[in-house]
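1. next one to model:
(one chain, ligands or ions: 1)
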Amino acid sequence: MSTKLVDHVEITVPTGKTYIQPVGLFINNQHVDSVHGGRVKVYSPSTEKLICEVADADEEDVDIAVKVARAAFQTDAPWRKFSSAQRGRCLSRLADCIEQNLEYLASIETLDNGKSITLARGDVQAAADCFRYYGGWADKDYGQTIETDIKRFAYTRHEPIGVCGQIIPWNFPFLMCAWKIAPAVACGNTIILKTAELTPLSALCLTKFVPECGFPPGVINVLSGDGRRCGNAISSHMDIDKVAFTGSTGVGRMVMRAAASSNLKKVTLELGGKSPNIVFNDADLDSAAVWTNYGIFYNSGQVCCAGSRVYVQEDVYDEFIKRMVAKAKTLKVGDPFAEDTFQGAQVSKQQYERIVSYIESGIAHGAKLEIGGKRHGNLGYFVEPTILSNVTEDMAVGKEEIFGPVLAVIKFKTIEEAIRRGNNSTYGLAAGVHTNNITNAIKVSNALEAGTVWVNCYNLLHHQIPFGGYKESGIGRELGSYGLTNYTQTKAVHINLGMDSPI
Ligand SMILES: NC(=O)c1ccc[n+]([C@@H]2O[C@H](COP(=O)([O-])OP(=O)(O)OC[C@H]3O[C@@H](n4cnc5c(N)ncnc54)[C@H](O)[C@@H]3O)[C@@H](O)[C@H]2O)c1
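-> Numbering: from 1, shown residues only. Below you'll find the predicted structure:
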């Protein structure tokens, strides 16, 4: 027998501060228990301790959320009567609330996910920026008037799609909420967002602010639940018009299959990667060593676009490895609440074990361990920043997404070889090029099969700049004006101004 769900719990983080954590599903602007009363236990990966339990949504809860989201989308519902500027104001207010509660949200994120507090603050600020940015778009995304000849013209409308399901991963729990919710709501949709089972807390904290920002009930709904039941119920639901998914390529296929075999709902996918980061002989090696480190060790390597394959041109290969190792030695790993920590914990024991087994497999297959390779400390799931050289693309560490702080270093000779081997992947999310030759920088950037290419930098994302994958890294683009097309459908209305009869 499950016990009655409390509305919220108090959580004390390791710095001694106490915060309020909502624990119910957020449906129709209220926190409620799940129908079957199940719970998700939430652990902190840095302390291995239970933080709290939250409600566990399954098919019946998805159904309830869909009904309220559908009701909120009816043409006579308050949300549909909002002007586009009113929708924008709600989003701007949400951005303000996030900024006013930045420390609270960042602390919860650090406790739940294990990432360093400095990084979590950056994520929360980026989320606020994203909400404000799409708030600004709400009254600026409209159609065209197209005059074909004197007797006819057409106008186009950018209409919301309807009820949108959104499924997010655990690596950027709060930021992913912003990337999903902000453009969908700016365009006038209603949403049901499912958090990752490992990291449901910060999204539930966000929901506390939704009613006071003026969103009518049913517009924003947030469910904590697992993928197999809650996630699948969203992607296969007959009354959800669109599903936007961020996660692994394997689950992305399942989401697309479920969408196709239910109501052919529209699908966008942001998936995995094994991104090449190419360092040429003429690069500024110190700067490249910084960016290649940042490319793989940022967020403990749990980044879909991580530069996890570093290709180094042969003349500078040995020297560059030395500089990367020297930089990696300076990165502080450990207590994510310490202000000087760069790399916090991996998200779970399972991820930690997976990463360590990849390192062991790489070494067993001939890779050379340059630094790292072990667990850091005895408590929490910390992995040392790890660099493996002598890697080839037929090794698992050279071709599979590890999703941890493990860098595979590969030697190359010519620019053509770098392009060919960089593109030798089923993924195509991102890439990096480090050179002082602008012509080569542009030539290589244009030839790489990736949705994002960074020149003399890496892992820089911005809400104004589109992001998404080539090949098996995804379908569609998030962020920037491009992200709006995920959440609108264009209608063309043809007007007859006195055309001759066609028959
Ligand atoms: N391209 C991007 O923008 C981007 C961003 C972040 C993470 N990622 C990718 O996400 C992966 C890591 O995250 P993860 O382990 O949480 O991924 P995951 O695919 O296991 O889970 C992602 C989400 O999908 C849900 N899910 C699981 N099974 C499902 C099913 N059958 N139907 C519907 N939903 C289901 C999960 O509950 C979770 O909410 C990596 O591969 C990473 O590259 C991609």
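2. three-state assignment of the residue of the stretch 1-150 of the chain found nearest the ligand?
-> Per C-beta to the nearest ligand atom, Val40 is where the stretch 1-150 of the chain lies closest to the ligand, at 10.4 Å. All C-beta atoms are positioned from the backbone trio N, CA, C, and that covers glycine. Counting by DSSP: H, G, I helix; E, B strand; the rest coil, the backbone at Val40 sits in strand.
3. what is it paired to in the beta sheet?
-> Beta-bridge partners for Val40, by DSSP bridges, are Val54.
4. I'd like the next helix or strand past the helix or strand that contains Arg257.
-> Using DSSP states H and E, Arg257 maps to helix 249-261. Next in sequence after helix 249-261, counting helices and strands by DSSP H and E, comes strand 266-270.
5. orientation of that following strand relative to helix 249-261 in degrees?
-> With axes from the mean of the first three to the mean of the last three C-alpha atoms, to 10 degrees defining the directions, strand 266-270 sits at 180 degrees from helix 249-261.
6. so what secondary structure elements neighbour strand 266-270?
-> strand 242-246, helix 249-261, strand 474-475 (3 or more C-beta pairs under 8 Å, 6 or more residues apart in numbering; DSSP states H and E).
7. out of those, deepest packed?
-> Of all the helices and strands packed on strand 266-270, strand 242-246 has the most neighbours on average by mean count of other C-beta atoms under 10 Å, namely a mean of 25.
8. which residues does the helix or strand hosting His158 contact?
-> Element membership for His158 (DSSP H and E) is strand 152-160. By C-beta atoms under 8 Å, 6 or more residues apart in numbering, the surrounding residues in contact with strand 152-160 are 73, 141-148, 187-189, 484, 487-497, 499.
9. and the angle from it to strand 242-246?
-> 60 degrees.
10. tell me the strands beside strand 152-160, with direction?
-> By DSSP bridges, strand 152-160 pairs with strand 145-149 (antiparallel), strand 488-496 (antiparallel).
11. thinking again about what came up before, just the buried members of the contacts of strand 152-160?
-> Neighbour counting with 16 or more other C-beta atoms under 10 Å marks 73, 141, 143, 187-189, 484, 487-488 as buried within these.
12. tell me the buried residues in the strand or helix carrying Tyr133?
-> Secondary structure from DSSP H and E places Tyr133 in helix 117-137. Buried residues in helix 117-137, defined by neighbour count with 16+ other C-beta under 10 Å: 117-121, 123-135, 137.
13. hmm, who's touching the strand or helix carrying Val9?
-> Under the criterion of DSSP H and E, Val9 resides in strand 8-12. Defining contact as C-beta under 8 Å, 6+ apart, one finds that strand 8-12 is touched by 18-23, 31, 51-52, 108, 111.
14. and stretch 254-270, by the same measure?
-> Applying C-beta under 8 Å, 6+ apart, the set of residues contacting stretch 254-270 from outside is 161, 165, 167, 231-232, 235-247, 252, 304, 467-469, 473-476, 478, 486, 489.
15. now with 6 Å?
-> Stretch 254-270 is contacted from outside by 235-236, 238, 240-246, 252, 468, 474-476, 486, using C-beta atoms under 6 Å, 6 or more residues apart in numbering.
16. can I get stretch 174-186 in CSV? Just the C-alpha atoms.
-> Extracted in CSV, the C-alpha atoms of stretch 174-186 (Å, rounded to 0.1, in the frame of the first residue of the first chain):
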residue,chain,number,x,y,z
PHE,A,174,17.1,22.1,-16.1
LEU,A,175,18.6,23.5,-19.3
MET,A,176,16.8,20.8,-21.4
CYS,A,177,13.5,21.9,-19.8
ALA,A,178,14.1,25.4,-21.2
TRP,A,179,15.2,24.2,-24.6
LYS,A,180,11.9,22.2,-24.9
ILE,A,181,9.3,24.3,-23.1
ALA,A,182,10.3,27.8,-24.2
PRO,A,183,9.9,27.5,-28.0
ALA,A,184,6.8,25.2,-27.7
VAL,A,185,5.0,27.6,-25.4
ALA,A,186,6.1,30.7,-27.4
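17. is that stretch up against the ligand anywhere?
-> No. Stretch 174-186 is not in contact with the ligand by C-beta under 6 Å from any ligand atom; minimum separation 6.7 Å.
18. just give me how far that stretch sits from the chain centre.
-> Per C-alpha atoms, centre = their mean, to the nearest Å, the displacement of stretch 174-186 from the mean C-alpha position of its chain is 10 Å.
19. roughly how far apart are Val391 and the ligand?
-> To the ligand, Val391 is 19 Å away according to C-beta to the nearest ligand atom, to the nearest Å.
20. same question but for Ile495, I mixed them up
-> Separation of Ile495 from the ligand (C-beta to the nearest ligand atom): 41 Å.
21. and the strands in the stretch 301-450 of the chain?
-> 309-313, 368-371, 386-389, 406-412, 427-428, 430-434 (DSSP state E, counting those that start in this stretch).
22. the ligand is nearest to which of the helices and strands packed on strand 266-270?
-> Proximity to the ligand (C-beta to the nearest ligand atom) singles out helix 249-261 among the helices and strands packed on strand 266-270, at 3.3 Å.
23. now that closest one: how far from the chain's centre is it?
-> 18 Å.
24. heads up, I number from 12, so please use that
-> With 12 as the first residue, the last one maps to helix 260-272.
25. what's the closest non-adjacent residue to Val278?
-> Of all residues not flanking Val278 in the chain, Ala270 sits nearest, at 4.9 Å (C-beta to C-beta, 6 or more residues apart in numbering).
26. so the residue lying closest to Asp297 once chain neighbours are set aside versus the ligand, what's the distance?
-> Excluding the flanking residues, the one nearest Asp297 by C-beta to C-beta, 6+ apart is Arg334, at 6.3 Å. Remark: distance between Arg334 and the ligand (C-beta to the nearest ligand atom) = 27 Å.
27. and what about Thr210, helix, strand or coil?
-> Classified using three-state DSSP, Thr210 is coil.
28. hmm, it is touching Asp123, no?
-> Yes. At 5.0 Å, Thr210 counts as touching Asp123 under the criterion of C-beta atoms under 6 Å.
29. so between those two, which is more surrounded?
-> Asp123 (30 against 27; other C-beta atoms under 10 Å).
30. and what about the more buried one, helix, strand or coil?
-> Three-state call for Asp123 (three-state DSSP): helix.
31. for it, give me its contacts.
-> Here Asp123 is in contact with 210, 212 (criterion: C-beta under 6 Å, 6+ apart).
32. ok, back up a step: I'd like the next helix or strand past the strand holding Val20.
-> As assigned by DSSP H and E, the chain's next helix or strand after strand 19-23 is strand 29-33.
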